[in-house]
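Chemist: Any chance you could fold what I've pasted below:
(2 chains)
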Protein chains: 2
Amino acid sequence: MKIKYPNGAPYNPQKIITKSKFNIKKSKLGTSFEKAINESNEFYLLTNRAIIHKKPTPIKITKVDYPKRSAAKITEAFYQTPSTTDYNGIYRGRYIDFEAKSCQTSSFPFSHLYTHQINHLAKVHEHGGISFLLIEFHLAEEVYLLPTPLLLTCYEDSLNGGRKSIPYSYFKEYGLLVSIGFQPRINYLDVVDKVYFKEKDKV
Amino acid sequence: MKIKYPNGAPYNPQKIITKSKFNIKKSKLGTSFEKAINESNEFYLLTNRAIIHKKPTPIKITKVDYPKRSAAKITEAFYQTPSTTDYNGIYRGRYIDFEAKSCQTSSFPFSHLYTHQINHLAKVHEHGGISFLLIEFHLAEEVYLLPTPLLLTCYEDSLNGGRKSIPYSYFKEYGLLVSIGFQPRINYLDVVDKVYFKEKDKV
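Modeler: Just a heads-up that it's a prediction; the model follows:
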């Protein structure tokens, strides 16, 4: 079957301008971290340990086509700014909420988070929920959990003239290393047990 | 500015087959209920009572155009089945999760919910979260909250040969009437206080 535009014109791939190489690489790396988290959440769901889902990307739909005898097709839409974080759900009876980011450099810039996302994490913490930042340092192949109070300390410092990013060394010293394995791939709930439920390491 | 298709062809509204009148009406009614809930959640957020958001509709993107010097434009996408419910968040330190539906008839058919949504509500309840169904009976202009255990009783009955819908009379007898007002428009958290936190009516 030939792919066609909604008005019947043949599909011409040359019309589509692809992203720059840098963007493609960056987006692919982010996607693989996202995929690993999603698979971990599926495992947690299957084993009935937690109910945590990724929120869909918000999209503003501007044109929809309703072809006869087939599903509605969106023909024009745009990405929207997410109003909250990527992941939320329930774990051990508590509300859990976090943002996950993949970092390609040796420090995580605050420009990779929206101010309202930081505010959201702060509000969830205030309301008694579990909230944190999950960061993959791609070069080091390490994942760290940074509880919201620490994130806020660094963020407030940045607003008062301090550095505009959190260095890898800070995560190494104050963050919590998440073990990476086969199933679940990114076992962040073991870290949540230690930080938020004060559990000791299992022997 | 003239609206054009991604390939430059002029926009022709006659090419777009509109939904049947029934669908448009149905969808509009559903939207107004959704809007009222969203506004209520905004009010709860502003007054710092709860952090509850609607999850974006999941969309499968199949084609994206990256025009020079402007935002990425999605040129082909399809609606996906949501994997969970529409709303979740945190209230009084607890996880809260619900599905909202507008009902145009005098009974609410189970066909308006996905099986996995019912399972999701049941799982959240099992994990100690607050989960329920929020139903607007459009003709009666009434909104009811039906806690998950009651929903499950009716659903199991329907699987065992019972009726495939929950009649309005059932909501009237066993559901909890939600007060409708100016701000918040649909004050479902007052009902949550009574059911899940055992609070008495305020004098």
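Chemist: The longest strand along chain A packs against which elements?
Modeler: Taking DSSP state E as the criterion, chain A has its longest strand at strand A:94-103. If you count contacts as 3 or more CB pairs under 8 Å, 6 or more residues apart in numbering or on different chains; DSSP states H and E, strand A:94-103 packs onto helix A:21-46, strand A:87-91, helix A:115-126, strand A:130-137, strand B:87-91, strand B:94-103. The way it works is simple: take the backbone N, C-alpha and C, and place the C-beta from them, glycine included.
Chemist: Following element in sequence after it, please.
Modeler: Next helix or strand after strand A:94-103 toward the C-terminus (DSSP states H and E): strand A:107-109.
Chemist: Find me whatever residue is spatially closest to the residue nearest the centre of chain A, sequence neighbours aside.
Modeler: Centre of chain A computed as the mean C-alpha position; nearest residue by CA atoms, centre = their mean is A:Ala100, 3.1 Å away. Counting by CB to CB, 6 or more residues apart in numbering or on different chains, A:Ala100 lies nearest to A:Leu134, which is 4.3 Å off, once chain neighbours are set aside.
Chemist: Is the one you found bridged to anything, and to what?
Modeler: Beta-bridge pairing for A:Leu134 (DSSP bridges): A:Ala100, A:Leu145.
Chemist: what comes up buried for stretch A:140-159?
Modeler: Neighbour-count burial for stretch A:140-159 flags A:Glu142, A:Val143, A:Tyr144, A:Leu145, A:Leu146, A:Pro147, A:Thr148, A:Leu150, A:Leu151, A:Cys154, A:Tyr155 (criterion: 16 or more other CB atoms under 10 Å in any protein chain shown).
Chemist: confidence score at the first one?
Modeler: Reported pLDDT at A:Glu142 in the predicted model: 96.
Chemist: The fourth one too?
Modeler: A:Leu145 is assigned 98 on the pLDDT scale.
Chemist: do you know which of the helices and strands packed on strand A:94-103 lies nearest B:Lys60?
Modeler: helix A:21-46 (14.8 Å; CB to CB).
Chemist: close to chain B, is the very next helix or strand once past the closest one?
Modeler: Scanning forward in sequence from helix A:21-46 by DSSP H and E, the next helix or strand is strand A:50-54. Yes: contact of strand A:50-54 with chain B (CB under 8 Å from any CB of the partner chain) involves A:Ala50, A:Ile51, A:His53.
Chemist: Bridging across strands, which residues link to the second one?
Modeler: In other words, A:Ile51. Beta-bridge partners, per DSSP bridges, of A:Ile51: A:Ile90.
Chemist: what number of residues lie near it?
Modeler: 23 (other CB atoms under 10 Å in any protein chain shown).
Chemist: show me the residues around it that make contact.
Modeler: For A:Ile51, the contacting residues are A:Tyr44, A:Leu45, A:Gly89, A:Ile90, A:Tyr91, B:His120, B:Lys123, B:Val124, B:His127, B:Gly129, by CB atoms under 8 Å, 6 or more residues apart in numbering or on different chains.
Chemist: is it true that the first one touches A:Asn38?
Modeler: It stands for A:Tyr44. No: using CB atoms under 8 Å, A:Tyr44 makes no contact with A:Asn38, being 10.7 Å away.
Chemist: picking up where we left off before, reformat the residues of strand A:50-54 next to chain B as TSV; add distance to B:Leu177 and pLDDT.
Modeler: Formatted as TSV, the residues of strand A:50-54 next to chain B follow (distance: CB to CB, whole Å; pLDDT from 0 to 100):
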residue	distance to B:Leu177	pLDDT
A:Ala50	33	98
A:Ile51	29	98
A:His53	30	97
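Chemist: for stretch A:67-74, which positions count as buried?
Modeler: Judged by neighbour count using 16+ other CB under 10 Å, the buried positions of stretch A:67-74 are A:Lys73, A:Ile74.
Chemist: okay if I get the helices and strands packed on strand A:94-103 as TSV plus mean pLDDT?
Modeler: Compiled in TSV, the helices and strands packed on strand A:94-103 are given as follows (pLDDT from 0 to 100):
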stretch	mean pLDDT
helix A:21-46	76
strand A:87-91	98
helix A:115-126	97
strand A:130-137	97
strand B:87-91	98
strand B:94-103	97
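Chemist: Can I get these in TSV including distance to B:Lys73?
Modeler: Listed next are these as TSV, based on distance: least, CB to CB, whole Å:
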stretch	distance to B:Lys73
helix A:21-46	15
strand A:87-91	27
helix A:115-126	24
strand A:130-137	29
strand B:87-91	29
strand B:94-103	31
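Chemist: and B:Tyr114, which of these is closest to it?
Modeler: Comparing these by CB to CB, strand B:94-103 comes nearest, at 9.3 Å.
Chemist: centre of the chain versus that closest one, how much separation?
Modeler: Centroid displacement of strand B:94-103 relative to its chain, using CA atoms, centre = their mean, to the nearest Å, is 6 Å.
Chemist: tell me which element the nearest residue to A:Ile74 once chain neighbours are set aside falls in.
Modeler: Excluding the flanking residues, the one nearest A:Ile74 by CB to CB, 6+ apart is B:Ala77, at 4.1 Å. With elements taken from DSSP H and E, the one containing B:Ala77 is strand B:73-79.
Chemist: Relative to that strand, what are the paired strands and their orientations?
Modeler: strand A:73-79 (antiparallel), strand B:59-65 (antiparallel).
Chemist: Report the buried residues of that strand.
Modeler: Residues of strand B:73-79 classed as buried: B:Lys73, B:Ile74, B:Thr75, B:Glu76, B:Ala77 (neighbour count, 16+ other CB under 10 Å).
Chemist: Need the residues you listed in a markdown table (columns: pLDDT).
Modeler: Output for the buried residues of strand B:73-79, formatted as a markdown table (pLDDT from 0 to 100):
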| residue | pLDDT |
| --- | --- |
| B:Lys73 | 94 |
| B:Ile74 | 95 |
| B:Thr75 | 94 |
| B:Glu76 | 94 |
| B:Ala77 | 94 |
